[in-house]
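Undergrad: Turn this into a structure:
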Amino acid sequence: MGKFTFRKEERLIKEKQIQELFDKGSSFYLFPFKVFFMPGPEPLEHHQVLISVSKRNFKRAVDRNLIKRRMREAYRLQKQFLPEAPLMIGYIYAHKEILLFEEIKRRMLQSFKKIPKAPVKNSGSV
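TA: A predicted model of the protein is given here:
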């Protein structure tokens, strides 16, 4: 693994997978993030991450981009603490103020620890 990289293959960009993550994935709230996660599709070799900041809370693109940049950097530096099994993970920034990088980094590490080591596979039937 190229230790501290965040390559395109690690980004969750397919609309169908994003919709599936929000519909079928598990979630929890850990200030300032709403975190969605689920096991990735079978051929997935590494985690895929979605990072989102609401336009409703931050009108200026400069502010949204700053937060997303901080979130990506926090993920990139700490992703080795995630469970081994490939996951699809979505981070929604749910706070109304811009936090310092150190706080975002600390909270992201806490969220990694809250994601179960072997997530339960979600099935369509009950």
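Undergrad: What is the helix ranked longest in the chain packed up against?
TA: Ordering each helix of the chain by length in residues (DSSP state H) puts helix 61-78 first. When contacts are defined as 3 or more C-beta pairs under 8 Å, 6 or more residues apart in numbering; DSSP states H and E, helix 61-78 packs onto strand 48-53, strand 87-93, helix 101-114. All C-beta atoms are positioned from the backbone trio N, CA, C, and that covers glycine.
Undergrad: contacts for that helix?
TA: 4-6, 49, 51-53, 55, 58, 91, 93, 98-99, 101, 104-105, 108-109, 112 (C-beta atoms under 8 Å, 6 or more residues apart in numbering).
Undergrad: who's in contact with residue 41?
TA: Taking C-beta under 8 Å, 6+ apart, one finds residue 17 in contact with residue 41.
Undergrad: and the gap between it and residue 53?
TA: Look at residue 41 and residue 53: by C-beta to C-beta, to the nearest Å, they are 26 Å apart.
Undergrad: Equivalent analysis for residue 69, please.
TA: For residue 69 relative to residue 53 (C-beta to C-beta), the value is 10 Å.
Undergrad: Could you do residue 3 as well?
TA: 26 Å.
Undergrad: ok, now residue 88?
TA: 19 Å.
Undergrad: Next: residue 77.
TA: 19 Å.
Undergrad: Could you check which of the two is surrounded by more residues?
TA: residue 53 (22 against 15; other C-beta atoms under 10 Å).
Undergrad: quick one: contacts for residue 59?
TA: Contacts of residue 59 by C-beta under 8 Å, 6+ apart: none found.
Undergrad: Just give me the neighbour total for residue 81.
TA: 11.
Undergrad: out of everything not next to it in sequence, what's closest to it?
TA: residue 112 (4.8 Å; C-beta to C-beta, 6 or more residues apart in numbering).
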